[in-house]
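Colleague: Sequence plus the predicted model coming up.
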Amino acid sequence: MINNLKEILITEFSKYNISLTEQQTKQFLEYKCLLQEENKKINLTTIDDDIGIIYKHFLDSVTIGTCFDFKTISTVADLGTGAGLPGIPLKIVYPHLHFTLLDATLKKINFIREVINILNLENVNLLWSRIESLSKNIKYDLVVARALAKLPVLLEYSLPFVKIGGYFIAYKQSDIQTELDSAQNALLLLGGKLVKQENINISNGNDLVPRCLLIFKKIKSTPEKYPRSAKLINKNPLKQFKLHIAHDRCLL
């Protein structure tokens with residue numbers, strides 16, 4: 001069974017122009033087993049079968065490599081990482097990068113720490129914290145978030161921690177236009193610009209599932225008051241704010 005899973009990993013990753021080494025393949029298989037074992041103790045994921053983890057977690061996490069050049073950056077933050085997704089798969093594929101993985105649940109952070117130690121992953125920083133409690137002096141070349149929140153909320157949580165000239169990538173389902181429309185105020189206020197929308201189809205083992213990757217560039221500083229507290233963000237998302245400034249066409 002292990003050899004079969006190894007073959008699936010190598011074959012499926014190659015479809016996205018990712019050539020896994022023997023070590024990387026072993027790390028993914030070890031990570032899969034650790035996920036399954038820990039999932040018996042705490043609720044990490046509803047997807048815990050072998051094939052589901054490989055396709056719906058690992059492959060899904062690394063597909064951003066098809067539309068983003070990781071050679072141009074050095075620091076990555078995964079906000080709301082949960083079981084380490086997409087941060088750990090990305091770290092395995094791009095071992096030269098420095099990663100910060102953040103989650104508000106200590107049990108999940110402790111699990112990821114165990115994964116890092118067993119897989120011998122270096123330059124991975126773990127933060128047990130809510131996103132809005134992060135120091136606003138910390139900025140990253142790239143921030144990623146997977147299945148975390150609706151886009152206006154997600155942008156407020158993420159863009160404040162992106163360097164000017166850096167990027168935020170959101171993993172989304174294919175039907176995204178309504179969320180994009182509702183996020184225009186957030187982009188204007190937070191200093192972001194949508195530079196690419198990549199629609200791709202990801203195999204789930206049987207069928208192809210549509211997926212949308214949204215790449216935002218940070219083009220100017222975010223006001224210091226953002227992100228607000230979680231209570232304010234959820235009560236008054238930026239999409240509800242009426243702007244009292246002229247539209248900056250370069251941000252739309």
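Modeller: Yep, it's here. Residues are numbered from 1 along each chain as shown.
Colleague: From now on I want contacts and neighbour counts done on CA atoms only, so please keep to that.
Modeller: Fine.
Colleague: Alpha carbons of the helix or strand hosting N4, in CSV - could you do that?
Modeller: For N4, the host element (DSSP states H and E) is helix 2-14. Taking C-alpha atoms only, helix 2-14 is exported to CSV below (Å, rounded to 0.1, in the frame of the first residue of the first chain):
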residue,chain,number,x,y,z
ILE,A,2,2.9,2.4,0.8
ASN,A,3,4.4,1.9,-2.6
ASN,A,4,1.1,2.6,-4.2
LEU,A,5,0.7,5.8,-2.3
LYS,A,6,4.2,6.8,-3.1
GLU,A,7,3.5,6.3,-6.8
ILE,A,8,0.3,8.4,-6.5
LEU,A,9,2.2,11.2,-4.8
ILE,A,10,4.9,11.3,-7.4
THR,A,11,2.6,11.0,-10.4
GLU,A,12,0.0,13.5,-9.2
PHE,A,13,2.6,16.1,-8.1
SER,A,14,4.3,15.8,-11.5
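Colleague: Any figure for the gap between the closest residue to R130 other than its chain neighbours and Y226?
Modeller: Leaving aside its chain neighbours, R130 sits nearest to A104 (5.0 Å; criterion: Cα to Cα, 6 or more residues apart in numbering). Note on A104: its distance to Y226, by Cα to Cα, to the nearest Å, is 19 Å.
Colleague: same check, this time on G192
Modeller: Remark: distance between G192 and Y226 (Cα to Cα) = 13 Å.
Colleague: Neighbour count: the two, which is higher?
Modeller: G192 (30 against 18; other Cα atoms under 10 Å).
Colleague: sorry, back to before: would you mind pulling up the elements that the helix holding N4 packs against?
Modeller: In terms of contacts (3 or more Cα pairs under 8 Å, 6 or more residues apart in numbering; DSSP states H and E), helix 2-14 is packed against helix 22-39.
Colleague: quick one: the strands in this protein?
Modeller: If DSSP state E is used as the criterion, the strands of the chain fall at 75-79, 98-103, 124-128, 140-146, 162-173, 192-203, 208-218.
Colleague: closest one to Q23 among these?
Modeller: strand 124-128 (17.7 Å; Cα to Cα).
Colleague: That closest one pairs with which strands, and in what direction?
Modeller: Strand 124-128 has the following strand partners under DSSP bridges: strand 98-103 (parallel).
Colleague: List the residues that contact S74.
Modeller: 96-98, 141 (Cα atoms under 8 Å, 6 or more residues apart in numbering).
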